[in-house]
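Student: next comes the sequence, and after it the predicted model I'd like to discuss.
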Amino acid sequence: MPGSHLTARRDAEQLSLTLCGDWHARQFGQIEAELTALDLSGLRAASIATGQAQLDLSGAWLLRDFLRRARDAGVDTRFADAAPPALQLVDRTLTGAMPEATEHIEWLAPGTAVEDIGRHTVRWVRDLVAAVGFIGHAMALLLRALARPARLRPVSIARHVYDTGITAVPIVALIAFLVSVILAYLGAQELQQFGADVFVADLVTIGVLRELGVLLTAIIIAGRSGSAFAAEIGSMQLNEEVDALRAIGLDPIEVLVLPRVLGLVIALPLLTLIADVIGLVGGGLLCHLLLQMPITQYLGRVQGAIASTTFWVGMIKAPVFACVIALAGCYSGMRVRDSSRELGRLTTLAVVQAIFAVILADALFAVLFLRLNI
Amino acid sequence: MRTLLEVRGVVNRFGDQTVHNGLDMQVYQGEVFGIIGGSGSGKTVLLRTILGLRRPDAGSVRLLDRELTAMSGAELSRLKGSYGVTFQHGALFSSLTVRQNVQVPMLEHLRLPARALEELTLLKVQLVGLATQAAAKYPAELSGGMVKRAALARALALDPVLLLLDEPTSGLDPIGAAAFDQLLIYLQRELKLTVVMITHDLDSIFRTCTRVGVIVDGRMISDTLEGIVANPHPWIRAYFGGERARARWSRHGA
């Protein structure tokens, strides 16, 4: 039987095989097919000549596998000359079996389910304690640094104000404009039915200044800078840069976390201010174009709608949101260990947690302002 | 002797800084070729050029009688099965276990039945002297020496004829480095490999290399180990002329 990798000649119970060509990993499928095509039934002995064949380790493994199969079938195999060196190497090296990977599927049994709940609860509590510890540590360092402003690293803070603030201006402005236009449009459609279109200006003013301006900005920044913080600090963890900082005697929280928190605390209120202004402009533009409201009238309504607190009620939230976003991002980054998968997981987690925490904080503010009658 | 790898007149520039200025290099089948050079002399850039990760500004690279610089992406991908590479820091995929790391190139380039895949992976892992238990571990759980070995196992995954190693013994203690060199010599002999390695480790050069290429002034001076040690170029004299090198050379010669 001719083949491109072996020639077989059969004399009754005797098979002689001559190998030829390249027995390389690339030809694995072909060689395997040729070997399985050999009929072993009724054989007693097989003699194998390596000839000019070139065997690499994969080829040798295939030959070894064939020999094993032949022996199991009761065929006496031997080599015409010596066994090929690659085969000897495989024989020498391959011992034992591969251990299964540590990760395995856990089937849901009642016992393990209870165990899982317990495990997750314990882990959750530990995470919570660690997070509180982290925030406490950061706050303690912040207070200490405020007492000695020289330790505040102004250059680093300025860089973060630029990265998180100034470069975010276009996207924040665009979104504030679009959302206020949508809000004004919806308001106009509803209020026109009662002939109360002039109140669109009030709606836009109060909506943007109290809630939307700061909330949307915070959510954009959570997605933009929260993830950047987590990824930056996380990859520094993977590179052992954080350990290097510790070894030099620097506190990574002071060097990495505080400048980011302070930078964002400066940048987010400024971005909120921009979002507020652009939002009011967007609302005014829609009122002017859709409702033919003169600009002066719009400005008058806006001034009337702004109570002394309206602007500050929105603005006061910005530094709080900034703290929440920066801490969530940095904390996730600091928790990255060992693998790039962790980096991805924790970066995602940073954004999700930051957005969740921002909305939660916003709700708490709403309750607070309700109680205070603002 | 058949020439396996030939670099001819390679020029690599970064901005107005010329790293390689007409570099020639020849590697013959079955030899261990060491590349040395000062920091910033472009050893890693040369490796990246040979691997096709960087297109040189001029010159040609021939691997296994095929012109690399003129190849399309698909041809290059097919050729990648014929050489194995380890990077300076191991570059194991950190989210995969050692066994999965070794299997990545196999799954990409070969069509193997499950049993063959498992046994061949085991073979490669044991061949580089790792315990089978290490196969189930993640790179972060391995020591420096084990990372180097695991990277070597991955480089061997496709049964290459050419191994390219970037500082394979850097970061290892002398005993670990010696053991790694022994392993390399063993594999080179048993598998009839051709090895090109970038190294700074004098011990390693004297133990393993048959020929050495030195990158100086953007070109390569290559010679046998004896020839290089006797070379009058100032940088080479400084490199091999120190006390450390002399002690090693006399030991090697003895």
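Tutor: Nice, thanks for sending it over.

Student: okay, the residue of the stretch 151-300 of chain A found nearest chain B: pLDDT?
Tutor: Nearest residue of the stretch 151-300 of chain A to chain B, counting by C-beta to the nearest C-beta: A:Leu238, 7.5 Å away. C-beta here means a position set from N, CA and C on the backbone, and glycine is covered the same way. pLDDT, A:Leu238: 87.

Student: tell me, how many neighbours does it end up with?
Tutor: 17 (other C-beta atoms under 10 Å in any protein chain shown).

Student: which residues touch it?
Tutor: A:Leu238 makes contacts with A:Val336, A:Asp338, A:Ser339, A:Ser340, A:Leu343, B:Ser94, as judged by C-beta atoms under 8 Å, 6 or more residues apart in numbering or on different chains.

Student: how close does it get to A:Val257?
Tutor: According to C-beta to C-beta, to the nearest Å, A:Leu238 and A:Val257 sit 17 Å apart.

Student: now B:Lys137
Tutor: Counting by C-beta to C-beta, the gap from B:Lys137 to A:Val257 is 32 Å.

Student: these two - which one has more neighbours?
Tutor: A:Val257 (25 against 19).

Student: who does B:Thr86 bridge with?
Tutor: B:Leu165 (DSSP bridges).

Student: contacts only, for it.
Tutor: B:Lys148, B:Ala151, B:Leu152, B:Arg154, B:Ala155, B:Leu163, B:Leu164, B:Leu165, B:Asp166, B:Pro168.

Student: can you redo these as TSV with pLDDT and neighbour count?
Tutor: Converted to TSV, these look like this (pLDDT from 0 to 100; neighbours: other C-beta atoms under 10 Å in any protein chain shown):
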residue	pLDDT	neighbour count
B:Lys148	87	27
B:Ala151	89	27
B:Leu152	88	25
B:Arg154	90	28
B:Ala155	88	22
B:Leu163	89	23
B:Leu164	90	23
B:Leu165	89	27
B:Asp166	88	22
B:Pro168	85	29
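
Student: in the longest helix belonging to chain A, what counts as buried?
Tutor: Across chain A, the helix with the greatest residue count (assigned by DSSP state H) is helix A:110-147. The neighbour-count check on helix A:110-147 (16 or more other C-beta atoms under 10 Å in any protein chain shown) flags A:Ala131, A:Phe134, A:Ala138, A:Leu141, A:Leu142, A:Ala145 as buried.

Student: wait, the second one sits on A:Gly333?
Tutor: It refers to A:Phe134. No - counting by C-beta atoms under 8 Å, A:Gly333 is not a contact partner of A:Phe134; they are 11.0 Å apart.

Student: what residue in the stretch 151-254 of chain B comes nearest to chain A?
Tutor: At 3.8 Å from chain A, B:Asp159 is the closest residue in the stretch 151-254 of chain B, using C-beta to the nearest C-beta.

Student: now that residue. Nearest residue, chain neighbours left out?
Tutor: A:Asp56 (3.8 Å; C-beta to C-beta, 6 or more residues apart in numbering or on different chains).

Student: contacting residues for that neighbour?
Tutor: A:Trp23, A:His24, A:Ala25, A:Ala86, B:Asp159, B:Leu191.

Student: mind running it again at 10 Å?
Tutor: By C-beta atoms under 10 Å, 6 or more residues apart in numbering or on different chains, the contact list for A:Asp56 reads A:22-27, A:86, B:158-161, B:191-192.

Student: strands - which of those residues land there?
Tutor: In strands, judged by DSSP state E, the following of the contacts of A:Asp56 are found: A:Asp22, A:Trp23.

Student: out of the contacts of A:Asp56, which are inside helices?
Tutor: Those of the contacts of A:Asp56 lying in helices (DSSP H): A:Ala86.

Student: using a markdown table, lay out the contacts of A:Asp56 together with pLDDT, neighbour count and distance to B:Thr132.
Tutor: Compiled in a markdown table, those are given as follows (pLDDT from 0 to 100; neighbours: other C-beta atoms under 10 Å in any protein chain shown; distance: C-beta to C-beta, whole Å):
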| residue | pLDDT | neighbour count | distance to B:Thr132 |
| --- | --- | --- | --- |
| A:Asp22 | 83 | 15 | 30 |
| A:Trp23 | 84 | 28 | 26 |
| A:His24 | 83 | 20 | 25 |
| A:Ala25 | 83 | 25 | 21 |
| A:Arg26 | 80 | 20 | 27 |
| A:Gln27 | 82 | 20 | 28 |
| A:Ala86 | 81 | 24 | 21 |
| B:Leu158 | 85 | 23 | 21 |
| B:Asp159 | 85 | 27 | 20 |
| B:Pro160 | 86 | 21 | 23 |
| B:Val161 | 86 | 19 | 27 |
| B:Leu191 | 81 | 19 | 20 |
| B:Lys192 | 83 | 14 | 26 |
